[in-house]
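# using only what follows, build the 3D model:
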Amino acid sequence: MCIRDRSYNYDTLRSKYGITTVFGEVVAIDPVAGKVTLANKTVLTADRIVMAPGISFDTVPGLGSSDKMPHAWQAGPQTTLLANQLKALPSKGVVVLTIPKTPYRCPPGPYERACLIADWLKAKKPGSKLIVLDANPGIVTEVDNFTNAFMGLHGNVIEYHANAEVTSVDPASMSLFTTAGTIRGDVINMIPRQRAGSLVATAGLNNATEGRFAGVNVLSYASTVSGASKVHIIGDSSATTQPKAGHIANQEAKVCADAISRILSGGSPDPAPVTNSACFSTITMTQASWLTAVFQYNPATLAMAPVAASSGASTGWNSDNFQDMGQWFSTLMGDTFA
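Numbering: from 1, shown residues only. Model (predicted):
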């Protein structure tokens, strides 16, 4: 399936379920009064508000508004920019990719991107090198698969550094100043540390993870800020024990919607929700691995706990997984927009 086929809309939600859609930028939320203000001054009032504002980034000292070191971690112009920079990479050039401290959007994502870039460099820019600077103590997910890919399959291209946190940058000299020393590159994919979408902080709901994310009750995803229980936060902006991933956001949305339905009917949320997460990681341009996890509510910790017997990863990667990845994605999007 090509890129132009990856488009979705709300038509079915409107026609099948009678959902009203309003397009506009939300600039303010009053969590106590249950009011949402749009950029055009329209104010919407609700019994319940569900937020999914995604992520925002920490300011990187020295980066400013420069686009010489794109993050390309939110789909759009920066994705194209990074692709064009890679295409223009000089012979035997150096690419640098940074991985922020957890939690961040899509745990396997940076390692997956590193594998794809390395595979592409072999084919299109032989002799080039990819330096991976990981701010974490080591690979944070699919440890066996990514370790084997980095050290084995792509070992002649990837140079991996753990505990290498970026402290500042200089776009003019294409330099990164890190806890592992100064690193320079011809192309730098600088992925900053992440926090909840800015609307969460604006509404005063960033009460978890040192103010980075929104604390929620995972039985309903209602905010844990006093007086703000009318607001529910799902997806990457919420602070839970589950990964920040699209599949989990889909699951959280279902738990949240079910809880709101029960509450508005005078009941209580399901006391024992279960969610699951699955994803495929592209190790080469034609092969992938997979990872899956099931989470169950633990009343002792008030958190979603992984179910070890129902979680795991593939042993290695292959082309069948790569083909299955397309079907998995189509099914997930079909469910989300159905």
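
# for this protein, longest strand please?
strand 288-298 (DSSP state E).

# how far away is the closest residue to L176 other than its chain neighbours from H161?
Nearest non-adjacent residue to L176, counting by CB to CB, 6 or more residues apart in numbering: I183, 4.6 Å away. For the C-beta atoms, the positions are set from N, CA and C on the backbone; glycine is no exception. For I183, the distance to H161 equals 8 Å [CB to CB, to the nearest Å].

# so for R4, what's the pLDDT?
In the predicted model, R4 carries a pLDDT score of 53.

# what touches both of I183 and H161?
Taking CB atoms under 8 Å, 6 or more residues apart in numbering as the criterion, I183 and H161 both touch I131, L133.

# higher neighbour count, the two?
It is I183, of I183 and H161, that has more neighbours when counted by other CB atoms under 10 Å, with 21 against 17.

# I'd like the next helix or strand past the helix or strand harbouring the more buried one.
Element membership for I183 (DSSP states H and E) is strand 181-184. Downstream of strand 181-184, the first helix or strand assigned by DSSP H and E is strand 187-189.

# what pairs with that following strand, parallel or antiparallel?
As defined by DSSP bridges, the strand partners of strand 187-189 come to strand 94-99 (parallel).

# other residues contacting the partner strand?
Contacts of strand 94-99 (CB under 8 Å, 6+ apart): 86, 89, 110-111, 113-114, 117, 121, 128-136, 164, 166, 176, 183-191.

# out of the residues you listed, which end up buried?
86, 89, 110-111, 113-114, 117, 121, 128-136, 164, 166, 176, 183, 185-191 (16 or more other CB atoms under 10 Å).

# wait, doesn't Q296 sit right on A272?
Yes. Counting by CB atoms under 8 Å, Q296 touches A272, with 7.2 Å between them.

# and the two? Which one has more around it.
Q296 (14 against 10).

# how close does E25 get to V50?
For E25, the distance to V50 - CB to CB - is 17 Å.

# thinking again about what came up before, so which residues make contact with the strand holding I183?
Strand 181-184 is contacted from outside by V94, V96, I131, L133, A164, S173, M174, S175, L176, using CB under 8 Å, 6+ apart.

# try it again at 6 Å.
With contacts defined as CB atoms under 6 Å, 6 or more residues apart in numbering, strand 181-184 is touched by V96, M174, S175, L176.
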